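Asks: using only what follows, build the 3D model:
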Amino acid sequence: MSETARSRETGRDTGTGLPQRRTGHAFAHTPHRSDSRPPQTPRGVRQPGPGGRPGTIPPVPGRPATLSGELAACALCALLFALITWQVLVRGPLLSWDARLSGALVRTVPDAVTEGLSDLGNIPVALPVLLLAAAYAALRGNRRGAVAAVVAMALVPALVVPLKEWTARPGPLEPWAAGYFPSGHTATAFVAYAGAALLLRPHLGRWWPAAAALVLTGATAVGLVLRGFHWPLDVLASLLMCTPLLLAVRRSCRSTRRSSG
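Replies: The predicted model follows:
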């Protein structure tokens, strides 16, 4: 006998018998819950594809959009820069705190040291670093990023010089002089060294370009404040002003990598 009475009975009673075989691997391996709720495992929530094949796992939430984060950073930098500039123009209370901080820091380190650090922001020192990095990046195919970095450096004097003439802020050690806000040396160092790091890192695949840019820019800013060449707010304003320029360079480098990939 090819079929027993028990097998015929279970074949008719599908509600209480053994589970019936379903076609397709996705159904055969999909777990089921007795409370009719969907399974919570990633494999269980796969949707079957054509022909009963397993579908794809639902997308995992990733990082927020980079563009929105960059725009938020630019907006914050612009807001803080506008606040500091307004305080400089109206001689607001923020300048008294700035003066007290400067008075506590100026000449606390030998001038020979602080002047050497300040010179890192000179154009003859910083600009060749950026130009060499831009030439290397262009040869490696990152022409868009190289052009963006050079344009960012060209914008530094175009932004700094009018602001110096407009604000006419005196210096910490030269109250009779004017034109100290914002710091041109800090802006030059920041754009040159950070821009070079942005150009080199995709090709070198190392962390040290970013670290070197941070150290060189920080050393320039510290030297300017300790020597009395600039107020602390002069340096901070330059960093805020140049951050959007460097974010534009970073985006140009990333778009080049995506197009080449």
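Asks: from the chain's centroid, how far away is stretch 77-97?
Replies: Between the centre of stretch 77-97 and the centre of its chain there are 25 Å (C-alpha atoms, centre = their mean, to the nearest Å).
Asks: again, but for stretch 138-150
Replies: The answer for stretch 138-150 is 18 Å, by C-alpha atoms, centre = their mean.
Asks: alpha carbons of that stretch, as CSV, please.
Replies: Taking C-alpha atoms only, stretch 138-150 is exported to CSV below (Å, rounded to 0.1, in the frame of the first residue of the first chain):
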residue,chain,number,x,y,z
ALA,A,138,46.3,67.5,-10.1
LEU,A,139,48.8,65.0,-11.4
ARG,A,140,46.9,62.3,-9.6
GLY,A,141,43.7,63.3,-11.3
ASN,A,142,42.2,65.6,-8.6
ARG,A,143,42.2,68.8,-10.7
ARG,A,144,38.9,70.0,-9.4
GLY,A,145,40.2,69.9,-5.8
ALA,A,146,43.4,71.5,-6.7
VAL,A,147,41.7,74.4,-8.4
ALA,A,148,39.3,74.8,-5.4
ALA,A,149,42.2,75.0,-3.0
VAL,A,150,44.0,77.6,-5.0
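Asks: tell me the average confidence for it?
Replies: In this model, stretch 138-150 has an average pLDDT of 95.
Asks: stretch 67-76 now?
Replies: Taken as a whole, stretch 67-76 carries a mean pLDDT of 93.
Asks: ditto for stretch 86-94
Replies: 96.
Asks: what sits up against it?
Replies: 83-84, 95, 166-167, 169, 181, 233 (C-beta atoms under 8 Å, 6 or more residues apart in numbering). (Each C-beta comes from the backbone N, C-alpha and C, glycine too.)
Asks: against which helices or strands is the helix or strand hosting residue 235 packed?
Replies: When elements are assigned from DSSP states H and E, residue 235 belongs to helix 232-260. For helix 232-260, the contact count by 3 or more C-beta pairs under 8 Å, 6 or more residues apart in numbering; DSSP states H and E identifies helix 66-90, helix 93-105, helix 143-167, helix 184-189, helix 195-204, helix 208-227 as packing neighbours.
Asks: what's the angle from that helix to helix 195-204?
Replies: Going by axes from the mean of the first three to the mean of the last three C-alpha atoms, to 10 degrees, helix 232-260 is angled at 30 degrees with respect to helix 195-204.
Asks: buried set for helix 232-260?
Replies: Residues of helix 232-260 classed as buried: 232-253, 256 (neighbour count, 16 or more other C-beta atoms under 10 Å).
Asks: quick check, pLDDT for residue 251.
Replies: At residue 251, the model reports a pLDDT of 92.
Asks: gap between it and residue 153?
Replies: Relative to residue 153, residue 251 is positioned 17 Å away (C-beta to C-beta, to the nearest Å).
Asks: try residue 116
Replies: 22 Å.
Asks: neighbour count: these two, which is higher?
Replies: Per other C-beta atoms under 10 Å, whichever of residue 116 and residue 153 has more neighbours is residue 153, with 23 against 13.
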